[in-house]
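Novice: Take a look and give me a structure for this.
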Amino acid sequence: RPTAMLTLDGALIGRFWPPERIVAGMRTSRWVRDQLIKGAQKVLLKGRKNGTLGMNVTPADVAQDLMRFEQDSLVRVEIEAAGCWILDTILHGVRKTQLMGWNGAIASLDISENCTGERFRCEWLPEGLRGCNRLSRLSLRDDSITDSSMHRLAPPLSTRTNLTVLNLSHNLICDDGADLLASAISNMSRLFHLDVGSNDIGDEGISSLFEALQNCQSLAMLELSFNDFGSDGLGLLTNTTLTTLDLSGNSIGSQAMERLQPLLSANSSLSHLDLGMCELESHGAEAVAKGLGRATSLRRLELPSNNIGDRGLLFLESLLSSSCRNLVYLDLSDNAIGPRGAAAFANSLPQCPVLSHLDLSNNCLQGGGVAHLAVGIRACQKLTRLDLSQNDVDDMGGKTLLDAVLCCEKVECLELCENDLGDQTASELAHRLRRNGNSKLSRVNLCANRITSKGADALAEMLAAWTEFGLPTTLKSLNLENNCLDQAAKSRLHEVQGSVVVSTRNFSQ
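Specialist: This next block holds a predicted model:
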């Protein structure tokens, strides 16, 4: 079936079908452009973010191309116009009756970042939605949609029962708007992915949404991050088909996690759980561990900034040891974890054979905790990114850590900023990288430590050797900002940096 593509800036129009490809610009004769449009059954309409109209192109020109598509031939139209501010101007050049003729073929509509919620831009959308019988994907992310906007959008939205993906994140929806949205999605039995993160929905609005979602038996991805709800209403969320659940940035609290525990237990196919900044503490971590006991499909677990402490990590250690063999991404940053918790956690790492991303930054591991952790890290042969920034790690801990990290040949990114690392660690890193030809390290961040010119000289010698002898290296970035380097040491590093980007700036307090 012929497929046509039209860019909203009027610069390009093309028609593609195997094995031919024909593309024409705005200067192409109208006859050629008409031939490209004629008989097209699938249309992709693309707009560039902050795009402008091409030279000598008017909104009417683009609107005219839009209307030349034969409506009877169209079977699928996809519109990708996130951040494309000229969309509204173009649509003003299209008669509403003609625009409505497209609706029956529109399957995907992305008009995010277009201030659609503003009154003068929201006039055409409600009317247009009523005729979009085939619409399955709708994105209005970051569109200034308010409760007032929802009064206009909700009625036509409720008729779009075939929607599978709905994105209303980063808007200004409060409880009243959430109530209207709930009434609309209660008819969407095929809804697969709902994202209303970064709004201002409180307990009342979230309760309405959870009740409505009970009718969405195909719901797999639910994103509600950074709203304004707490523990009320959590018991109303009963879906058992979830693979992704994001409740981060809400004041759920440790006691309320007991209400979520049955939900986590019922969703054995859950692969991504984000409860960051939810005030869980150790009691909440215990509920998470119990709830995920059967989640053998879990691949991504995010629990940053919850103050779970060593006690909370002990509960998670039992989970990681028994049910997380498929875990790829783990974020436990900013959780007041100390050496005792690190010791228990290290014992569970060999049970996570495919772990590739581990973030324990902004904790209290110190040298003793890192020494325990290093033992477990050696078993993580798939690890590619490790973040231990802000952990008060000294040179002894740094040496132990480098021993372990360089045993994991896939590690590409090592974040160690804002610790207590000095020249010994810098010299050890230079020595190891010169000897270890199998290292995949491409980014090392040592900013805001206490490395002086002595450590910088060791790193400069390493860089000079790579440059002089043309030795292969994977290192692309070395961050030494906010250390104790004098100007001469900085100059030496930059003279021999070669293909490695070396940062040595000091920022004022």
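Novice: What strand or helix carries the residue lying closest to A105 once chain neighbours are set aside?
Specialist: Spatial nearest neighbour of A105, chain neighbours left out: L74 (3.9 Å); criterion: Cβ to Cβ, 6 or more residues apart in numbering. Quick note: C-beta positions are derived from backbone N, CA and C, even for glycine. Of the helices and strands defined by DSSP states H and E, none includes L74.
Novice: And L222, by the same measure?
Specialist: strand 221-223.
Novice: so what strands line up beside that strand?
Specialist: strand 193-195 (parallel), strand 244-246 (parallel) (DSSP bridges).
Novice: Residues contacting that strand, please?
Specialist: 169, 192-197, 213, 239, 242-246 (Cβ atoms under 8 Å, 6 or more residues apart in numbering).
Novice: and what of stretch 447-465?
Specialist: Against stretch 447-465 from outside (Cβ under 8 Å, 6+ apart): 416-427, 429-431, 433-434, 471, 478-486, 488-490, 492-493, 495-498, 500, 502-504.
Novice: repeat for stretch 147-155
Specialist: 116-117, 122, 125-126, 129, 145, 172-174, 176-177, 180-181, 183-184.
Novice: of all those, which comes closest to A342?
Specialist: I173 (41.2 Å; Cβ to Cβ).
Novice: Please name the spatially closest residue to that closest one (chain neighbours excluded).
Specialist: N199 (4.2 Å).
Novice: OK, contacts around that neighbour?
Specialist: 168-174, 177-178, 227.
Novice: cool, D143 as well?
Specialist: Neighbours of D143 in contact, by Cβ under 8 Å, 6+ apart: 111-117, 171.
Novice: May I ask which two of the contacts of stretch 147-155 are separated the most?
Specialist: Pairwise across the contacts of stretch 147-155, and taking Cβ to Cβ, the largest span is found between L129 and C174, at 21.7 Å.
Novice: Whichever of the contacts of stretch 447-465 end up buried, select them in PyMOL.
Specialist: In PyMOL, this line selects whichever of the contacts of stretch 447-465 come out buried by 16 or more other Cβ atoms under 10 Å:
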select buried, resi 416+417+418+419+420+421+422+423+424+425+426+427+429+430+433+434+478+479+480+481+482+483+484+485+489+490+492+493+496+497+498+500+502+503+504
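Novice: so of the contacts of stretch 447-465, which ones are in helices?
Specialist: 423-427, 429-431, 433-434, 488-490, 492-493, 495 (DSSP state H).
Novice: Any regions of the stretch 201-350 of the chain where pLDDT drops low?
Specialist: Along the stretch 201-350 of the chain, the model assigns pLDDT under 70 to no residue.
Novice: residue ranges for the helices of it, please.
Specialist: 203-213, 257-266, 281-291, 309-323, 339-348 (DSSP state H, counting those that start in this stretch).
Novice: hmm, who's touching the last one?
Specialist: Outside helix 339-348, the residues that touch it by Cβ under 8 Å, 6+ apart are 309-314, 316-318, 320-321, 337, 360, 364-366, 368-370, 372-377.
Novice: ok, now the fourth one?
Specialist: The contact list for helix 309-323 (Cβ under 8 Å, 6+ apart) reads 280-286, 288-289, 292-296, 298, 303, 306, 308, 327, 332, 335-338, 340-342, 344-345, 347-349, 351-352.
Novice: ok now it, how far from the chain's centre?
Specialist: Put simply, helix 309-323 sits 25 Å off its chain's centre (Cα atoms, centre = their mean, to the nearest Å).
Novice: how far off helix 339-348 does it point, in degrees?
Specialist: 10 degrees (axes from the mean of the first three to the mean of the last three Cα atoms, to 10 degrees).
Novice: swap in the third one?
Specialist: Here helix 281-291 points in a direction 10 degrees away from that of helix 339-348 (the same axes, to 10 degrees).
Novice: Does anything pack onto helix 281-291? Which helices or strands?
Specialist: Applying 3 or more Cβ pairs under 8 Å, 6 or more residues apart in numbering; DSSP states H and E, one finds that helix 281-291 contacts helix 257-266, helix 309-323.
Novice: of all the ones you listed, which lies closest to D34?
Specialist: Of all those, helix 257-266 comes closest under Cβ to Cβ, at 55.8 Å.
Novice: angle of the closest one against helix 281-291?
Specialist: 20 degrees.
Novice: And helix 257-266, what's buried?
Specialist: Buried residues in helix 257-266 (16+ other Cβ under 10 Å): 257-261, 263-265.
Novice: The spatially closest residue to C352 that is not a sequence neighbour - how many residues pack around it?
Specialist: Counting by Cβ to Cβ, 6+ apart, the nearest residue to C352 once its immediate chain neighbours are dropped is L327, at 5.0 Å. By the other Cβ atoms under 10 Å criterion, the neighbourhood of L327 contains 26 residues.
Novice: correct me, but N167 touches S112?
Specialist: Yes - with contacts counted by Cβ atoms under 8 Å, N167 reaches S112, the gap being 7.3 Å.
Novice: circling back to that earlier point, now distance to L273 too, for the helices of the stretch 201-350 of the chain, in TSV please.
Specialist: Putting the helices of the stretch 201-350 of the chain into TSV (distance: least, Cβ to Cβ, whole Å) gives the following:
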stretch	distance to L273
helix 203-213	17
helix 257-266	7
helix 281-291	8
helix 309-323	11
helix 339-348	17
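Novice: ok, so of the contacts of strand 221-223, who is nearest G205?
Specialist: For the contacts of strand 221-223, the nearest to G205 is V196 (9.2 Å; Cβ to Cβ).
Novice: Looking at the contacts of N199, which are in strands?
Specialist: Secondary structure from DSSP state E places none of the contacts of N199 in strands.
Novice: any idea how far L313 is from D392?
Specialist: 17 Å (Cβ to Cβ, to the nearest Å).
Novice: These two: who's more crowded?
Specialist: Neighbour count, other Cβ under 10 Å: between D392 and L313, L313 has more, with 28 against 15.
Novice: Okay, that one and T467: tell me how far apart.
Specialist: Counting by Cβ to Cβ, the gap from L313 to T467 is 44 Å.
Novice: Alright, I will stop here.
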